[in-house]
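model the following, please.
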Amino acid sequence: MFGCDISDKKEISIKIRKKIILLSCFGILAAGVVSYSIYKIVQNDKKNYSINFSYQVNVEGAVNNPGVYEFNKPKKVREILFQTNVQTNADLDSMDLEKIIDYDYDIIVPYKVGTIKKIKWKDLNSVEQLTNLGIKNSVAQTIINHRRQNEVTTWEEILALKGIGPVTLAQLKDIIDLF
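Next up, the predicted model:
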């Protein structure tokens, strides 16, 4: 009709089909490469997130294993305290054990009133003696340094130490016997 016979039309049709198949394969291949690249980026971001997401919880007070604990996922106060081996004379009634912690945090577990045996000033010789009773590490170190330099002291001298105010002094009076 238009100067093409049937065999030419079949040949053109086959060439067009081959090009369509070739382009389809290329499109599928390109989509696969893009999908794989996106997958790898997402996986790498997840790894970076899990590596970078961590927080520390400092636990002191009425626990047998005080110290700094590191976590990479949120935990309830109850779960954190389970790892510290809470002492039998701990006062947990005033604590929110269901609170979820997912950032750097300090937990001081209080003692039940009247259950702490006071430490005599002359027997005070380690930071752990004080941190185990809920005194912050920095304050405990200050007290121990003062104790090493002074065989006897007064509450006024202790109050004058750096980092010790009225609240901390009240805590210290509950756990230290100066005489």
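
how many other residues sit next to Leu178?
Leu178 has 16 neighbouring residues, counting by other CB atoms under 10 Å. For the C-beta atoms, the positions are set from N, CA and C on the backbone; glycine is no exception.

name the nearest residue to it, ignoring sequence neighbours.
In this structure, Leu178 finds its nearest non-sequential neighbour in Trp121, 4.9 Å apart by CB to CB, 6 or more residues apart in numbering.

show me the contacts for the one you found.
147, 152-153, 176-179 (CB atoms under 8 Å, 6 or more residues apart in numbering).

ok, Ser37 to Leu23 distance?
Applying CB to CB, to the nearest Å, the value for Ser37 to Leu23 is 21 Å.

list the contacts for the residue nearest in space to the middle of the chain?
Taking CA atoms, centre = their mean, the centroid of the chain lies closest to Tyr55, which sits 2.3 Å from it. By CB under 8 Å, 6+ apart, the contact list for Tyr55 reads 70-71, 101-105.

and those residues, which are buried?
71, 101, 105 (16 or more other CB atoms under 10 Å).

quick check: beta-bridge partners of the second one?
For Ile101, the beta-bridge partners are Lys75 (DSSP bridges).

doesn't Leu81 make contact with it?
No. In this structure Ile101 lies outside contact range of Leu81 using CB atoms under 8 Å: 10.7 Å.

give me the domain ranges for the protein.
1-52, 55-109, 119-177 (automatic domain parsing).

and the end-to-end length of the last one?
Yep, that's domain 119-177 we're talking about. 6 Å (CA to CA, to the nearest Å).

any idea of the mean pLDDT for it?
On average, the pLDDT along domain 119-177 is 90.

and that domain, how far from the chain's centre?
Here the centre of domain 119-177 is set off from its chain's centre by 29 Å, with CA atoms, centre = their mean, to the nearest Å.

report the buried members of the contacts of Trp121.
For the contacts of Trp121, a burial check counting by 16+ other CB under 10 Å picks out 147, 153, 176, 178.

identify, from the residues you listed, the entry nearest to Ser126.
Checking the buried ones among the contacts of Trp121 against Ser126 by CB to CB gives Arg147 as the nearest, at 9.8 Å.

from memory the closest one sits against Leu124, does it?
Yes. Look at Arg147 against Leu124 with CB under 8 Å: they come within range, at 5.1 Å.

would you map the strands across this protein?
Assigned by DSSP state E, the chain shows strands spanning 55-61, 67-71, 75-76, 100-101, 105-109, 119-120, 176-177.

which positions in the first one come out as buried?
Spelled out, it's strand 55-61. 55, 57-61.
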